[in-house]
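**Q** below are the sequence and a predicted model; questions follow.
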Amino acid sequence: MVDLNPIESAIVKAMQELGATNESSLKTADDIAKKANRPKSLVTNTLVTLAQKGVVKRVAREKAAGYYLLIKV
């Protein structure tokens, strides 16, 4: 189990609610920020941290990177 701070938990919860649970259902930082009601810059930085912890996966795409959850939290 990965220890998450309150912001990370909110981002993970928003991703679960958006259904970003596999590579075929990627969500952008914009989508996640709107759902979590947090600034996009905060969400982007938190997604980088979550990727380093192995909680989310970042997929580079032409326009905007997509993210999905790797583990159930």
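**A** Good, I have the coordinates. Quantities reported herein were computed from a predicted structural model and do not represent experimental measurements.
**Q** for the rest of this, base every contact and every neighbour count on C-alpha atoms.
**A** Noted.
**Q** can you pull out the helices in this structure?
**A** For the chain, helices defined by DSSP state H occupy the ranges 6-18, 29-36, 40-53.
**Q** what is the mean pLDDT for the longest one?
**A** Confidence for helix 40-53, expressed as mean pLDDT, is 96.
**Q** just checking, what packs against it?
**A** Counting by 3 or more CA pairs under 8 Å, 6 or more residues apart in numbering; DSSP states H and E, the packing neighbours recorded for helix 40-53 are helix 6-18, helix 29-36, strand 56-59.
**Q** pull out the buried positions in the second one.
**A** So that's helix 29-36. Buried positions in helix 29-36, judged by neighbour count with 16 or more other CA atoms under 10 Å: 29-33, 35-36.
**Q** what angle separates it from helix 40-53?
**A** Angle of helix 29-36 versus helix 40-53, following axes from the mean of the first three to the mean of the last three CA atoms, to 10 degrees, is 100 degrees.
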